[in-house]
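*Asks:* Sequence and predicted model, in that order:
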Amino acid sequence: MTPSDLLLRLRPLLAAEAAAEAHGTAVEAADLEQGVWLRLLEHRRESGGPMPERAAAEWLRAAVRSEGRGARLRARREVPYAPVDGGEPAAAGRVRAAGPSGVEERVLAAEERRELWSAVRRLPGRCPGLLAAMLSPRDPTYREIAGALGISQGSLGPIRSRCLGCLRRMLTAEVAAPGLRGRER
């Protein structure tokens, strides 16, 4: 039996084994298959020749399980990148879309954050400092905020409510009302 005949005969077995193993891993069956084919080529290069069909089938099953174990270990060790420029960190176990919609969402979210911070800076009185402290990524406690701003901890709630009401009114006024459709009569 030629090596190409052996590969053709092993292809359905590899597809079935990879599909069964991929169910419990963080990779697709096609990725497992590709890894096993690479291992088979390396094995053939090292051994110097083809192996019998029965031995090849057993080797293939072991190689699929080994690739699956490696994929599970890599998935446990992978950590999402830290946020860049105030962006949100990727949620654990969730892959962010790499297409145009993912980029578009990030651009829109960044624009919304810039607009929010611009509005917060235009608020009157103590509101910019208070809301900046409350929106801080450090997530300070009310006691820490009150100490930093020099106000009592009990007055933070009412001041925060007034500031948020002012911010809400400011942002509502800045949003353009939808235009009338059709003709006016």
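*Replies:* Okay, I see it. Numbers count the residues shown, from 1 in each chain.
*Asks:* Quick check: the gap between residue 20 and residue 123.
*Replies:* According to Cβ to Cβ, to the nearest Å, residue 20 and residue 123 sit 60 Å apart. In short, each C-beta sits where N, CA and C put it, glycine included.
*Asks:* Please say which of those two ends up with more neighbours.
*Replies:* residue 123 (19 against 14; other Cβ atoms under 10 Å).
*Asks:* Based on its surroundings, how many neighbours for the closest residue to residue 37 other than its chain neighbours?
*Replies:* Excluding the flanking residues, the one nearest residue 37 by Cβ to Cβ, 6 or more residues apart in numbering is residue 14, at 7.7 Å. Residue 14 is flanked by 21 other residues according to other Cβ under 10 Å.
*Asks:* Now do the buried residues in the host helix or strand of residue 14.
*Replies:* Under the criterion of DSSP states H and E, residue 14 resides in helix 3-22. Of all the residues in helix 3-22, those buried under the rule 16 or more other Cβ atoms under 10 Å are 6, 10, 14, 17, 18, 21, 22.
*Asks:* so who does the last one touch?
*Replies:* When the contact criterion is Cβ atoms under 8 Å, 6 or more residues apart in numbering, the partners of residue 22 are 28, 29, 31, 32, 68.
*Asks:* go again using 10 Å as the cut-off
*Replies:* 28, 29, 30, 31, 32, 33, 64, 67, 68, 71 (Cβ atoms under 10 Å, 6 or more residues apart in numbering).
*Asks:* quick one: the fourth one from residue 156, how far?
*Replies:* It stands for residue 31. 52 Å.
*Asks:* Can you give me the buried ones in whichever helix in the chain runs longest?
*Replies:* Longest among the helix segments of the chain by residue count, using DSSP state H, is helix 53-77. Neighbour counts using 16+ other Cβ under 10 Å place 56, 57, 59, 60, 63, 64, 67, 68, 71 of helix 53-77 among the buried residues.
*Asks:* Put together CSV for the residues you listed, with pLDDT on each row.
*Replies:* CSV is the format used below for those (pLDDT from 0 to 100):
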residue, pLDDT
56, 81
57, 84
59, 86
60, 86
63, 89
64, 89
67, 87
68, 85
71, 80
